[in-house]
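> Give me coordinates for this.
(one chain, ligands or ions: 3)
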Amino acid sequence: MKPIQVGLLGIGTVGSGTFAVLKRNQEEIRRRAGRGIEITMVADLNVERAREIVGEGTQVVADARAVIANPDIDIVIELIGGYGIAKALVLEAIAAGKHVVTANKALLAVHGTEIFAAAREKGVMVAFEAAVAGGIPIIKALREGLTANQVQWLAGIINGTTNFILSEMRDKGLDFAVVLKEAQRLGYAEADPTFDIEGVDAAHKATLMSALAFGIPVQFDKAHVEGITQLSATDIRYAEQLGYRIKLLGIAKRRDDANEGKGGIELRVHPTLVPSKRLIANVEGAMNAVMVQGDAVGTTLYYGKGAGSEPTASAVIADLVDITRLHTADPDHRVPHLAFQPDELHATPILPIDAVRTAFYLRLRVADQKGVLAAITRILAEADISIDALLQRESAEGENQTDVIILTHDTVEGDMRAAIARMQALPTVLAPIVSLRKEELA
Ligand SMILES: NC(=O)c1ccc[n+]([C@@H]2O[C@H](COP(=O)([O-])OP(=O)(O)OC[C@H]3O[C@@H](n4cnc5c(N)ncnc54)[C@H](O)[C@@H]3O)[C@@H](O)[C@H]2O)c1
Ligand SMILES: N[C@@H](CCO)C(=O)O
Ligand code: NA
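Ligands and ions are numbered 1, 2, ... in the order given. All right, here's what the predicted structure looks like:
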């Protein structure tokens with residue numbers, strides 16, 4: 001089957017990431033989707049820069065409408081942003097019978113009702129995983145993974161720019177304006193950064209999540225919105241002293257008791273004190289995290305990069321794969337049991353434990369005498385195992401014995417086992433060596 005053809009409108013930060021990741025991982029993506037996915041046409045006002053990004057073999061035009069008019073294009077990706085031309089283009093793509101993928105939370109939070117209705121009428125999908133918390137698959141989690149639940153509340157750090165600003169100001173004592181410039185340089189900030197710092201972007205995302213969580217229309221105009229511009233360093237400090245961190249949270253909460261017992265939804269974005277010991281209080285830099293509380297599942301937490309070129313591209317491409325699977329794959333294989341299409345599984349072997357690479361914690365009970373440490377470190381050096389940290393502690397058991405604790409850098413398990421056997425054979429090693437594997441998980 002020939003690849004599904006995709007037209008890309010706007011190849012800036014997210015568009016260029018989408019083009020690059022789709023190209024780099026095309027074979028793996030094809031094995032998952034059941035069909036190749038190719039961006040065959042790109043529209044950007046800056047044609048020259050677009051050509052540089054895509055190279056030969058992809059048609060580049062200045063006029064987005066030429067992409068929509070192309071009958072070979074099955075899916076249109078809108079990565080221009082804003083409510084202006086993007087709205088017209090999305091509606092025109094839908095009218096032309098194209099599926100749409102967009103990262104444009106501003107557009108959907110404000111005009112979602114109209115756009116989704118148009119898509120429904122035409123029988124096409126409008127997918128927007130990238131619009132909320134970038135690379136974190138929170139839309140999929142709310143729509144699919146948590147579908148059994150009555151969602152009670154959700155709360156998220158859903159603007160990378162402001163979280164980056166708050167983190168840098170606290171950790172490095174940097175100035176607001178300096179950190180904002182850096183966030184812009186890194187591609188996190190919106191075209192108009194007041195959307196970030198005044199909480200508008202977070203409110204766009206909270207609005208979309210509230211619709212998915214509670215089955216209500218998107219109603220950005222009803223959201224309460226406060227940003228971080230009025231937040232003072234003094235209050236950040238006092239909050240810390242009391243055991244809290246201040247985070248800009250987007251919150252949506254079901255309130256069955258409100259509205260004279262008829263119920264209602266709280267939808268709000270504001271700086272919020274959160275106990276420092278909560279996982280979400282420790283989400284730093286441009287990272288995002290969303291907590292969702294469901295009546296059956298309890299509290300869940302989703303964490304990852306909410307902005308940036310390739311993290312956001314990751315979500316855009318996930319939507320492309322969803323659409324490809326639903327509309328073109330063999331109906332038996334639409335959602336493959338093992339994520340890859342059944343005839344696309346590879347025989348890549350599971351490695352034996354001896355081939356596994358990890359770092360190690362070692363504890364050796366040794367005789368407290370000269371040359372012991374040298375003998376141990378020599379064995380490690382000969383096995384090409386490098387030491388990360390070393391501690392020597394008086395042993396709890398018996399005199400003239402001491403505990404040596406070693407952290408190594410990553411090494412192959414087989415080499416480590418051989419080195420441990422050699423160390424164990426030293427007459428000065430008095431007890432079985434304790435070894436634990438260590439992962440940095442960074
Ligand atoms: N940057 C991020 O980390 C991020 C994350 C999530 C979502 N988003 C959203 O993704 C969208 C794109 O953001 P971005 O950061 O890639 O923006 P960007 O400004 O880097 O890219 C936009 C591109 O669109 C082009 N463009 C503008 N008007 C056009 C027109 N009429 N026709 C064709 N091309 C046009 C511009 O030349 C530019 O290359 C926005 O909706 C944004 O909110 C961005
Ligand atoms: N400006 C947004 C981009 C991701 O939507 C942010 O800082 O999180
Ligand atoms: Na997402």
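
> what's residue 282 sitting at in phi/psi?
Torsion angles at residue 282 (phi, psi; degrees, to the nearest 10) stand at phi -100, psi 20.

> check contacts around it.
Each residue near residue 282 by C-beta atoms under 8 Å, 6 or more residues apart in numbering is listed here: 245, 276. C-beta coordinates here come from the backbone N, C-alpha and C atoms, glycine included.

> Return the distance of residue 404 relative to residue 424.
In this view, residue 404 and residue 424 are 13 Å apart by C-beta to C-beta, to the nearest Å.

> same question, residue 385
15 Å.

> ok, those two, which is more surrounded?
residue 385 (23 against 12; other C-beta atoms under 10 Å).

> For the closest residue to that one other than its chain neighbours, the count of nearby residues, please.
Leaving aside its chain neighbours, residue 385 sits nearest to residue 411 (4.6 Å; criterion: C-beta to C-beta, 6 or more residues apart in numbering). Look at residue 411: counted by other C-beta under 10 Å, it has 19 neighbours.

> how far away is residue 292 from ligand 2?
From residue 292 over to ligand 2 the distance is 18 Å, taken as C-beta to the nearest ligand atom, to the nearest Å.

> For my notes, confirm residue 288 occurs in a helix.
No - looking at residue 288 with DSSP: H, G, I helix; E, B strand; the rest coil, it is strand, so not inside a helix.

> can you tell me how far the residue nearest to it when sequence neighbours are not counted sits from ligand 3?
In this structure, residue 288 finds its nearest non-sequential neighbour in residue 306, 2.9 Å apart by C-beta to C-beta, 6+ apart. Remark: distance between residue 306 and ligand 3 (C-beta to the ion, to the nearest Å) = 8 Å.

> Verify the stated contact: residue 306 with residue 130.
No - with contact defined as C-beta atoms under 8 Å, residue 306 does not reach residue 130; the gap is 10.0 Å.

> so what's residue 287 up against?
Contacts for residue 287 (C-beta under 8 Å, 6+ apart) come out as 157, 160, 163, 303-306.

> would you list the residues you listed in TSV and tack on secondary structure, pLDDT and neighbour count?
What follows is the contacts of residue 287, written out as TSV (DSSP: H, G, I helix; E, B strand; the rest coil; pLDDT from 0 to 100; neighbours: other C-beta atoms under 10 Å):
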residue	secondary structure	pLDDT	neighbour count
157	strand	98	28
160	helix	95	27
163	helix	96	27
303	strand	98	17
304	strand	97	18
305	strand	96	20
306	coil	94	30
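
> What's the first helix or strand after the helix or strand encompassing residue 236?
Taking DSSP states H and E as the criterion, the element that holds residue 236 is helix 233-241. Using DSSP H and E, the helix or strand that follows helix 233-241 in sequence is strand 244-255.

> Now do the phi/psi pair for residue 186.
Here residue 186 shows phi and psi, under degrees, to the nearest 10, equal to phi -80, psi 0.

> Pull the contacting residues for it.
Per C-beta under 8 Å, 6+ apart, neighbours of residue 186: 164, 286, 308.

> what's the spacing between it and ligand 3?
Taken as C-beta to the ion, the span from residue 186 to ligand 3 is 18 Å.

> just residue 1 next, same as before
28 Å.

> For the closest residue to that residue other than its chain neighbours, which three-state class applies?
Of all residues not flanking residue 1 in the chain, residue 35 sits nearest, at 5.2 Å (C-beta to C-beta, 6+ apart). Assigned with three-state DSSP, residue 35 falls in the coil class.

> Which one (most neighbours) among the contacts of residue 186?
residue 286 (26 neighbours).

> Ends of stretch 275-282, what's the gap?
10 Å (C-alpha to C-alpha, to the nearest Å).

> thinking again about what came up before, closest to ligand 1 out of the contacts of residue 186?
residue 308 (5.0 Å; C-beta to the nearest ligand atom).

> Just list the residues touching the closest one, thanks.
Counting by C-beta under 8 Å, 6+ apart, the residues that residue 308 touches are 13, 17, 134-135, 160, 186-188, 286.

> Need phi/psi at it.
phi 110, psi 160.

> how much space between it and residue 265?
Distance from residue 308 to residue 265, by C-beta to C-beta: 30 Å.

> what's the answer for residue 409, then?
51 Å.

> per-residue pLDDT, residue 412?
Residue 412 is assigned 98 on the pLDDT scale.

> interface residues of the stretch 51-200 of the chain facing ligand 2?
For the stretch 51-200 of the chain, the residues in contact with ligand 2 (C-beta under 6 Å from any ligand atom) are 134, 159-161, 188-190, 196.

> Could you rerun that using 8 Å?
When proximity is defined as C-beta under 8 Å from any ligand atom, the stretch 51-200 of the chain approaches ligand 2 at 103, 105, 130-134, 158-164, 183, 188-190, 193, 195-196.

> Identify, from the contacts of residue 186, the entry nearest to residue 240.
residue 164 (18.1 Å; C-beta to C-beta).

> Give me the contact list for stretch 412-420.
So stretch 412-420 is in contact with 353-358, 360, 362, 379-380, 382-385, 408, 433, 435, going by C-beta under 8 Å, 6+ apart.

> Can you pull the poorly scored residue ranges out of the stretch 251-400 of the chain?
Within the stretch 251-400 of the chain, the stretches with pLDDT under 70 are 329, 332.

> mind running it again at 80?
The model of the stretch 251-400 of the chain has pLDDT under 80 over residues 327-334, 395-398.

> excluding its backbone neighbours, what's nearest residue 334?
residue 325 (5.2 Å).

> Whichever of the contacts of stretch 412-420 end up buried, select them in ChimeraX.
Selection command for ChimeraX covering only the buried members of the contacts of stretch 412-420, criterion 16 or more other C-beta atoms under 10 Å:
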select :358,360,362,379,380,383,385,408,433,435
